[in-house]
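A.B. asks: Build me a model from this:
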Amino acid sequence: MTEQAFFKRALALRGPLWRVAWSILRNGADCDDAIQEALLRAWARRDSLKDEALFEAWLTRIVINACKSQLRRAARRPQAPLEAVAEPAAPVENAALRDAILALPLALRLPLLLHYMEGYSVRETAQILRLPETTVHWRLHDARKRIRDEWN
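C.D. replies: As a prediction, this is how the structure comes out:
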C-alpha cells in the first residue's frame, strides 16, 4: 500500500475512528493521542495487512488497542481532577440515550457502537473485536436489554 493510499483511506475513517476512541476514553485530547499513536503503529506495520479490503477493520482494531494502552498508562500516573467538558460519542440527540450508552461497560459499549452507530455487520464487529459472532450477538442483546431497563 502506498503512502498516499494509506493516508487517504485513514483520513476517510477519521470520524468513525474518533467515535470509537471516544467511546473508550471519553476525552478529546486522549482520543487524538490514541488515534495518532494508532496511525503510527499502523503505518509501521502496514506490511502485516494481508488483505487491503480489511483495512478499515484492521485500523479500527489498532485504534482500540491504542486506546486500551492509553487507559493503562493513565491508570499508572496520578492525575489532577479536571472538570470534563461533555462531548458526544456520536451525534445522539437524546441525552438519556447517550448517557445510557456511556454507562454501559466497555465490553458492551464497543459492539453497540460498531454495529449500530458505525454500521458494521455482526461478522465485521466480531472480526474487529476478535470475538466469536455468537458473543457479539449476546453482547448486543445484553446492551439493548440494559438500555431498555434503564429507560423503564
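
A.B. asks: pLDDT wise, what is Phe6 at?
C.D. replies: Per-residue pLDDT puts Phe6 at 90.

A.B. asks: The helix or strand hosting it - contacts with which helices or strands?
C.D. replies: Secondary structure from DSSP states H and E places Phe6 in helix 3-12. Packing partners of helix 3-12 (3 or more Cβ pairs under 8 Å, 6 or more residues apart in numbering; DSSP states H and E): helix 28-44, helix 55-76. C-beta coordinates here come from the backbone N, C-alpha and C atoms, glycine included.

A.B. asks: Buried residues of the shortest one, list them for me.
C.D. replies: Neighbour-count burial for helix 28-44 flags 30-31, 33-35, 37-39, 41-42 (criterion: 16 or more other Cβ atoms under 10 Å).

A.B. asks: And the lowest mean pLDDT element among the helices and strands of the protein?
C.D. replies: One helix or strand of the chain scores below all others by mean pLDDT, DSSP states H and E: helix 95-103, with a mean of 82.

A.B. asks: quick one: contacts for the most centrally placed residue in the chain?
C.D. replies: Closest to where the C-alpha atoms of the chain average out (Cα atoms, centre = their mean) is Val20, at 2.3 Å. Val20 is in contact with 60, 63-64, 67, 110, 113-114, 118, counting by Cβ atoms under 8 Å, 6 or more residues apart in numbering.
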